[in-house]
Structures are given as C-alpha cells and as structure tokens.
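Asker: Have a look; sequence and predicted model below, questions after that.
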Amino acid sequence: MMTNLFSVFDPMSSIMSLPLNWASTFLGLLFMPALFWMMPSRWSLLWFKVLDTLHKEFKILLAGSPVGSTIIFVTLFSLIVFNNSLGLLPYIFTSTSHLVMTLSLSMPLWVAFMLYGWINHTQHMFAHLVPQGTPGPLMPFMVLIETISNVIRPGTLAVRLAANMIAGHLLLTLLGSTGPSLSLSLVTLLLFSQILLLMLEAAVAVIQSYVFAVLSTLYASEVN
C-alpha cells in the first residue's frame, strides 16, 4: 500500500535482510553475455552501432588522451541507460532515481579527474580558474566563481539524472492513481496519455544517459 507519493521510490523490499531493490541495478548484466556467444541479432547490431558512434564522439572530445579513455564513458552510458530503461518496467526499482546511486557514479569520476589534473597539469588547472581577458580587479571573483562551479559539478550531474527520473515516475504514478475514480471515457483518455508519457520517459532515459556521459567526458577533457 502506498503511504505517500514518494513511497514508490522507497528501497525497502527485502527477503531475509537481503535488499532486493538494489539487485535490479545488475539486471542489465543479464542481457550482455548472450551477445558474446549467440548469433548477432538486429538489436545487438544496433546496440553495437550506437556504442561505436559514442566511441567516435567521445574520442573527438578526448583528443590527446590515452588510447582507451573512451571505454569508461561508453560503459557509463550503457550502465545508466540499462537502469533507466529497466525502471520503466512494472515492479522494477529505479536505482538511478536515488542520489546515492547517481552520486556514486559522478563523485569518484570527478575526484579522479581533479587529482589527475592537479598532479599532472597544475599550471593548466590554475589557468582554468581565470578566463583569458579577465580584468585584474575581477580576477579574485572569477577564481571564486570558477572554483564553486567546479566543486558543484558532481552534484549537478547527480541531481540532474535523479530529478529527471523521479519527475517522470511521479507524473505516471499521479495520473495512474486517478484511474479508479474516472469514467470509462476518461480512463481511455488517461490510458492514451500514459502511453505517450511512457514513450517520453523512454526518450528521457536515453537522453539523460547521453547527457551524463557527455558532460563527464567534457569534464575529463578539461584536465588535459
């Protein structure tokens, strides 16, 4: 029974103290091994095409980085899009709607970028704090502003992904909960609107995964 609106995001389902909700995070792995031994289907060929396109795009953004740097961002995109898509299915917990999940993805990456940049490219990192052409009196303020914008990056990445996932699910839940009190004609209209919203959420699941991966790639490219 739903005690409040946000109880649909409550990760409390368990059997013998084993949290079942977070286990859904790894359901995407079940779809991957078959691609290595089965004859490639059209879906797997399409997925490989998407990953290859992302690899080429990230390679352009990470120009000058070591070979293989794009793998982590392509993997990050795959993980997020799997979890976002699985969350659209009934009775499957959406792990990417929780900040504990999204911060666990963004924070280690950001910390690694900062450590790598400040240790190996210290002068370059200092130069980023003061944009070229900044007047002398404004330099302390620009350093403060750039520092704050840099520090909040992992938070904005995490909140953007979680908020978009929560907003769509809440809207679907709110509309669906009004169904029993509506007439037949309004239920038909509600069903049609729910289908449209579900299609929108499917697009948002892919777009937000792409945005998260691209922004992470851009942040990585700034430390080189």
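Answerer: On my side now, so go ahead.
Asker: Break down this structure into its helices, ranges please.
Answerer: When secondary structure is read from DSSP state H, the chain shows helices at 34-37, 42-61, 70-86, 99-120, 122-129, 139-151, 153-177, 184-221.
Asker: Check which helices and strands the last one sits against.
Answerer: In terms of contacts (3 or more Cβ pairs under 8 Å, 6 or more residues apart in numbering; DSSP states H and E), helix 184-221 is packed against helix 42-61, helix 70-86, helix 99-120, helix 153-177. Backbone N, C-alpha and C define where each C-beta goes, glycine included.
Asker: Spit out the contact partners of the closest residue to A220 other than its chain neighbours.
Answerer: Setting aside the residues directly before and after it, A220 is nearest to F113 in space (Cβ to Cβ, 6 or more residues apart in numbering), at 5.4 Å. F113 makes contact with Y219, A220, E222, V223, according to Cβ atoms under 8 Å, 6 or more residues apart in numbering.
Asker: Equivalent analysis for A213, please.
Answerer: Contact partners of A213, counting by Cβ under 8 Å, 6+ apart, are L54, F58, F73, V74, L76, F77, I80.
Asker: Just flag the most distant two among these.
Answerer: Between any two of those, the greatest separation by Cβ to Cβ is 14.4 Å, found for F58 and I80.
Asker: List just the one of the helices of the chain that sits closest to T25.
Answerer: Using Cβ to Cβ as the criterion, the shortest distance between T25 and the helices of the chain is 6.0 Å, found for helix 70-86.
Asker: Just the buried residues of stretch 212-224, please?
Answerer: Of the residues in stretch 212-224, those scored as buried under the neighbour-count criterion (16 or more other Cβ atoms under 10 Å) are F212, A213, V214, L215, S216, T217, Y219, A220, S221, V223, N224.
Asker: Just the C-alphas of that stretch, formatted as PDB.
Answerer: In PDB, the C-alpha atoms belonging to stretch 212-224 read as follows (Å, rounded to 0.1, in the frame of the first residue of the first chain):
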ATOM      1  CA  PHE A 212      25.600  12.300 -18.100                       C
ATOM      2  CA  ALA A 213      28.200  10.600 -20.200                       C
ATOM      3  CA  VAL A 214      29.000  13.600 -22.500                       C
ATOM      4  CA  LEU A 215      29.300  16.000 -19.600                       C
ATOM      5  CA  SER A 216      31.600  13.600 -17.800                       C
ATOM      6  CA  THR A 217      33.700  13.400 -21.000                       C
ATOM      7  CA  LEU A 218      33.800  17.200 -21.200                       C
ATOM      8  CA  TYR A 219      35.000  17.400 -17.600                       C
ATOM      9  CA  ALA A 220      37.700  14.900 -18.300                       C
ATOM     10  CA  SER A 221      38.800  16.700 -21.400                       C
ATOM     11  CA  GLU A 222      39.400  19.900 -19.400                       C
ATOM     12  CA  VAL A 223      42.200  18.400 -17.300                       C
ATOM     13  CA  ASN A 224      44.400  17.500 -20.200                       C
END
